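Peer 1: sequence and predicted structure, then a few things I'm wondering about:
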Amino acid sequence: MAASSSSFVAILTLAFFLLFSGSVNAQLSTNYYSKSCPKLLSTVKSIVQSAIAKEARMGASLLRLFFHDCFVNGCDGSILLDDTSNFIGEKNAGPNRNSVRGYEVIDHIKSAVENVCPDVVSCADIVAIAARDSVVILGGPNWYIKLGRRDARFASQAAANNSIPSPASSLNQLISRFSQVGLSTRDMVALSGAHTIGQARCITFRARVHNETNIDRLFAPSRRSTCPRTTGSGDNNLAPLDIQTPTRFDNTYYKNLLQRRGLLHSDQQLFNGGSTDSIVRGYSNCQSTFNSDFAAALIRMGDINPLTGSKGEIRKNCRKRN
Ligand code: HEM
Ligand SMILES: *[C@@H]1O[C@H](CO)[C@@H](O)[C@H](O)[C@H]1NC(C)=O
Ligand SMILES: *[C@@H]1O[C@H](CO)[C@@H](O)[C@H](O)[C@H]1NC(C)=O
């Protein structure tokens with residue numbers, strides 16, 4: 001009797017554990033490299049720090065690199081793979097080509113990390129840490145980062161073309177794109193707050209500043225002045241996504257949306273008389289709610305389909321599979 005009741009308890013415990021490990025990601029953990037690479041976090045931070053000191057925009061570029069990695073087959077470093085004769089990678093996909101930046105900074109971090117602990121740390125994790133450090137350095141929230149992702153052996157240009165949301169998206173398209181990777185509408189609105197930093201090319205906001213009516217009457221002409229109407233002229237001219245503080249991670253992005261000063265069509269969709277207006281108002285009124293929701297949502301984004309266990313590999317060079 002005693003034996004069977006204790007085995008009953010054991011089975012219950014096991015069942016509970018299995019249930020629990022199915023709902024949270026059991027394999028990523030905040031202390032994953034604490035024994036195998038204790039200098040990892042300080043090594044990454046000092047390189048991100050100097051890259052941002054050289055060019056503040058790099059913080060934005062590194063944050064976006066993480067987003068574009070995670071949305072395409074999960075956070076697996078696939079975006080970093082150069083094209084080869086066997087596959088066309090993600091770097092030249094529509095949403096990335098002439099747009100995603102920061103690959104050299106990731107290479108620099110990887111070689112410094114290889115010096116302190118060779119063959120231990122994945123490129124996918126380096127991207128995640130660099131994104132977090134960028135947010136912190138530019139004045140945003142800090143959080144413990146979950147680690148233990150492994151690197152993909154393949155990349156898919158088609159998947160990158162099809163998974164990264166377009167700036168022409170409607171609110172419903174944005175909501176469904178995020179829900180396809182398990183992120184809620186509120187996560188989508190919080191993560192869009194990343195557009196409090198960084199720049200966009202004229203080609204991504206031309207139609208909005210020339211043709212749309214839900215736009216501030218002074219903001220539109222000032223953006224048109226460096227983004228000509230004609231397709232092909234000035235396509236790469238840059239404008240800040242947050243007109244007020246483009247190198248400061250704050251909640252001004254949402255305040256701009258209330259003024260109809262969203263730069264991208266997709267930005268203004270979040271505050272255009274629809275279901276997300278109240279979330280935007282909330283974040284515009286409260287920096288600390290935005291900060292904590294952003295950090296929580298970025299942790300969830302970092303949990304999208306990681307390769308763990310015996311899947312994937314630890315690349316030696318982030319641009320090539322081993
Ligand atoms: C909600 C859907 C989103 C759309 C449609 C979108 C679209 C864009 C576009 C078109 C650009 C300008 C690219 C260029 O002109 O080269 C951009 C820049 C940027 N995006 Fe997003 N984005 C979205 C969500 C996000 C998320 C979730 C993050 C990060 C968590 C993010 C971070 C950034 C950053 C930081 C920049 C500036 C990059 C730089 O200056 O190098 N975006 N985004
Ligand atoms: C991805 O999109 C780019 C440009 O939009 C296009 O040139 C390329 O052929 C597409 N690749 C695939 C595999 O669909
Ligand atoms: C503005 O809209 C008109 C009419 O729909 C279209 O022909 C034109 O290409 C659009 N211009 C831009 C810059 O999107």
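Peer 2: Yes, it's here. Ligands and ions are numbered 1, 2, ... in the order given.
Peer 1: alpha carbons only for contacts and neighbour counts from here, please
Peer 2: Fine.
Peer 1: following the chain past the lowest-mean-pLDDT helix or strand in the chain, name the next helix or strand.
Peer 2: The least trusted helix or strand in the chain, going by mean pLDDT, DSSP states H and E, turns out to be helix 2-23, with a mean of 45. As assigned by DSSP states H and E, the chain's next helix or strand after helix 2-23 is helix 40-54.
Peer 1: over to Ser169. Which of the three states is it?
Peer 2: Following DSSP: H, G, I helix; E, B strand; the rest coil, Ser169 is assigned to coil.
Peer 1: for the residue nearest in space to the middle of the chain, what are its contacts?
Peer 2: By Cα atoms, centre = their mean, the chain has its centre lying nearest to Phe67, at 2.4 Å. By Cα atoms under 8 Å, 6 or more residues apart in numbering, Phe67 lies in contact with Met301.
Peer 1: and it, what pLDDT?
Peer 2: Looking at Phe67, its pLDDT reads 98.
Peer 1: what about it, distance to Ile137?
Peer 2: To Ile137, Phe67 is 18 Å away according to Cα to Cα, to the nearest Å.
Peer 1: between helix 40-54 and the helix or strand where the residue nearest to the centre of the chain lies, find me the angle.
Peer 2: Counting by DSSP H and E, the element that carries Phe67 is helix 57-70. Here the directions of helix 57-70 and helix 40-54 differ by 130 degrees (axes from the mean of the first three to the mean of the last three Cα atoms, to 10 degrees).
Peer 1: does helix 57-70 reach ligand 1?
Peer 2: Yes: with Cα under 6 Å from any ligand atom as the criterion, ligand 1 is reached by helix 57-70 at Arg57, Ala60, Ser61, Leu63, Arg64, Phe67.
Peer 1: same thing with stretch 82-97?
Peer 2: No: judged by Cα under 6 Å from any ligand atom, stretch 82-97 makes no contact with ligand 1; its nearest approach is 7.4 Å.
Peer 1: what's in contact with that stretch?
Peer 2: In contact with stretch 82-97 (Cα under 8 Å, 6+ apart) are residues 78-81, 98, 100, 154-158, 160-161, 164, 166, 319-320.
Peer 1: one more pass at 7 Å, please.
Peer 2: Ile79, Leu81, Ala155, Ser156, Gln157, Ala160, Asn161, Ile164, Arg319, Lys320 (Cα atoms under 7 Å, 6 or more residues apart in numbering).
Peer 1: average pLDDT for it?
Peer 2: Mean predicted lDDT for stretch 82-97 stands at 95.
Peer 1: pull the distance from stretch 184-191 to the chain's centre.
Peer 2: Mean-position distance between stretch 184-191 and its chain equals 12 Å (Cα atoms, centre = their mean, to the nearest Å).
Peer 1: next one: stretch 135-145
Peer 2: Centroid separation for stretch 135-145 versus its chain: 13 Å, with Cα atoms, centre = their mean.
Peer 1: now do the buried residues in it.
Peer 2: Within stretch 135-145, the residues that count as buried by 16 or more other Cα atoms under 10 Å are Val135, Val136, Ile137, Leu138, Gly140, Pro141, Ile145.
Peer 1: my read: the last one touches Thr30, true?
Peer 2: The reference is to Ile145. Yes: using Cα atoms under 7 Å, Ile145 is in contact with Thr30, at 5.5 Å.
Peer 1: secondary structure class for Val120?
Peer 2: At Val120 the chain is in coil, as set by three-state DSSP.
Peer 1: count of residues packed around it?
Peer 2: Look at Val120: counted by other Cα atoms under 10 Å, it has 18 neighbours.
Peer 1: so how many other residues sit close to the residue nearest to it when sequence neighbours are not counted?
Peer 2: Once flanking residues are discounted, Val120 sits nearest to Ile314: 6.6 Å by Cα to Cα, 6 or more residues apart in numbering. Neighbour count for Ile314, taken as other Cα under 10 Å: 21.
Peer 1: contacts only, for Ile314.
Peer 2: For Ile314, the contacting residues are Asp119, Val120, Val121, Ser122, Arg150, Asp151, by Cα under 7 Å, 6+ apart.
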